[in-house]
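Trainee: What shape does this take:
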Amino acid sequence: MSIMSNVKDVIRRITGEIPTKTLVKRGLKVGKNFSRQQGCFIDPCHCWLISIGNNVTFSIRVTVLAHDASTKGAVGYTKIGLVDIKDNVFVGANATILAGVTIGENSVVGAGSVVTKDVPPNTVVAGNPAKVVCTVDEYREKLNKVFDETCVFGEEHTMRGNVDFSKKQQQIEFLKEHKFGFIE
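Mentor: From the prediction side, this is the model:
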């Protein structure tokens with residue numbers, strides 16, 4: 001395990017997050033290349049009901065729940081359900097995935113979405129509740145059109161590349177005029 005991984009685990013513990021490796025010990029199933037950004041909440045009380053495939057990315061503050069305690073008052077029991085997130089899925093910032101949901105492979109869940117139903121493979125969903133927006137191929141085609149008309153900024157324009165003031169200003173001026181760009 002890398003030093004950076006250990007540092008992230010310490011930060012998660014300080015902020016109240018339960019590290020992925022602890023959830024795995026409790027039964028969470030996680031494939032290769034799982035990237036979990038800051039503030040993500042994966043149901044610690046029912047994590048063995050959750051499966052995350054290979055090459056999955058959770059942006060910041062994603063929530064995955066395998067239980068629904070709102071039923072407790074009505075029927076005296078908490079509803080539970082499997083959550084299956086297939087391979088090559090991206091889940092945007094502040095999205096919530098509820099119990100009983102499968103997210104198909106090669107799919108994208110938009111930021112702020114609440115996923116209450118299964119997501120078909122190769123699909124982009126967004127909203128509350130999440131609805132199909134387009135296929136991943138249509139999304140890629142749309143992005144390629146934007147990509148051809150814009151700028152790609154290199155690593156020197158990122159925090160990991162120690163971006164300086166002039167590079168920040170360069171990005172700001174470009175984005176004022178063109179609205180969007182891309183970063184490596």
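Trainee: any low-confidence regions in this protein?
Mentor: Flagging of the chain using pLDDT under 70 yields the residue ranges 1, 5-6, 8-15.
Trainee: Residue 41 versus the spatially most central residue of it, what's the distance?
Mentor: What sits nearest the mean C-alpha location of the chain, by CA atoms, centre = their mean, is residue 58, with 2.3 Å. Separation of residue 58 from residue 41 (CB to CB, to the nearest Å): 10 Å. Where you see a C-beta, it was placed from the backbone N, CA and C, and this is true even at glycine.
Trainee: returning to that earlier point: correct me if wrong: the residue nearest to the centre of the chain contacts residue 91.
Mentor: Yes - with contact defined as CB atoms under 8 Å, residue 58 reaches residue 91; the gap is 5.0 Å.
Trainee: Common neighbours of these two, please.
Mentor: Shared contacts of residue 58 and residue 91, defined by CB atoms under 8 Å, 6 or more residues apart in numbering, are absent.
Trainee: what are the phi and psi values for the residue nearest to residue 109 when sequence neighbours are not counted?
Mentor: Leaving out its chain neighbours, the residue that sits closest to residue 109 by CB to CB, 6 or more residues apart in numbering is residue 91, at 4.5 Å. Main-chain torsions, residue 91, degrees, to the nearest 10: phi -120, psi 120.
Trainee: contacting residues around residue 91?
Mentor: 56, 57, 58, 59, 62, 85, 97, 103, 109.
Trainee: Return the subset of those residues lying in strands.
Mentor: 57, 58, 85, 97, 103, 109 (DSSP state E).
Trainee: among those, which ones are buried?
Mentor: 57, 58, 85, 97, 103, 109 (16 or more other CB atoms under 10 Å).
Trainee: Pull the contacting residues for the third one.
Mentor: With contacts defined as CB under 8 Å, 6+ apart, residue 85 is in contact with 50, 51, 52, 53, 56, 64, 91, 97, 102, 103.
Trainee: cool, the last one as well?
Mentor: Residues near residue 109 by CB under 8 Å, 6+ apart: 89, 90, 91, 92, 95, 97, 103, 115, 119, 125, 126, 130.
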